[in-house]
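> only the shape, not the letters, is given here:
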């Protein structure tokens with residue numbers, strides 16, 4: 001039979017093929033294998049599929065392991081940097097505290113010296129005024 005010939009009782013082969021294709025294109029029919037694989041080939045395919053799956057799983061585990069190690073290295077580096085900055089900050093705070101303590105002590109000493117000098121100056125001024133008064137009294141007598 002050729003395309004266009006009747007299959008018998010008025011059935012057109014082209015029309016039958018056209019109807020089948022439109023039905024198939026609607027997704028109603030799932031294609032089925034026309035032939036089953038021989039048992040040996042089917043077993044070999046199953047074995048290869050299993051081996052391939054194992055290899056893919058192994059690669060995924062290896063890739064994950066590398067990713068975890070890289071993340072752990074990054075965390076360790078960031079932690080180390082944080083510790084260094086923290087230690088540096090603590091050291092700077094200790095230095096600043098020491099400088100402040102020394103400055104406060106110097107200020108206290110200078111304030112005490114200033115007060116002593118002010119008192120001494122007041123005494124000297126008082127003596128000078130007394131001497132000036134005596135000089136003025138002697139000069140007028």
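Right, received. Where do you want to start? All values derive from a computational prediction rather than experimental measurement.
> per the record, what domains does this structure have?
Using automatic domain parsing, the domain parsing of the chain gives 1-30, 38-133.
> ranked by average pLDDT, which of the ones you listed falls at the bottom?
Lowest mean pLDDT within the domains of the chain: domain 1-30, a mean of 68.
> can I get the domains of the chain in JSON lines including mean neighbour count and distance to residue 140?
C-beta coordinates here come from the backbone N, C-alpha and C atoms, glycine included. Listed next are the domains of the chain as JSON lines, based on neighbours: other C-beta atoms under 10 Å; distance: least, C-beta to C-beta, whole Å:
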{"stretch": "domain 1-30", "mean neighbour count": "9", "distance to residue 140": "136"}
{"stretch": "domain 38-133", "mean neighbour count": "10", "distance to residue 140": "11"}
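> mind putting those into CSV with distance to residue 139?
Shown next, in CSV, are these (distance: least, C-beta to C-beta, whole Å):
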stretch, distance to residue 139
domain 1-30, 134
domain 38-133, 10
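> what sits against residue 72?
Residue 72 makes no contacts at all, as judged by C-beta atoms under 8 Å, 6 or more residues apart in numbering.
> measure it to residue 118 for me?
As judged by C-beta to C-beta, to the nearest Å, residue 72 and residue 118 stand 68 Å apart.
> and what of residue 67?
75 Å.
> now residue 69
For residue 69, the distance to residue 118 - C-beta to C-beta - is 72 Å.
> for residue 27, helix, strand, or coil?
Recorded secondary structure, residue 27: coil (DSSP: H, G, I helix; E, B strand; the rest coil).
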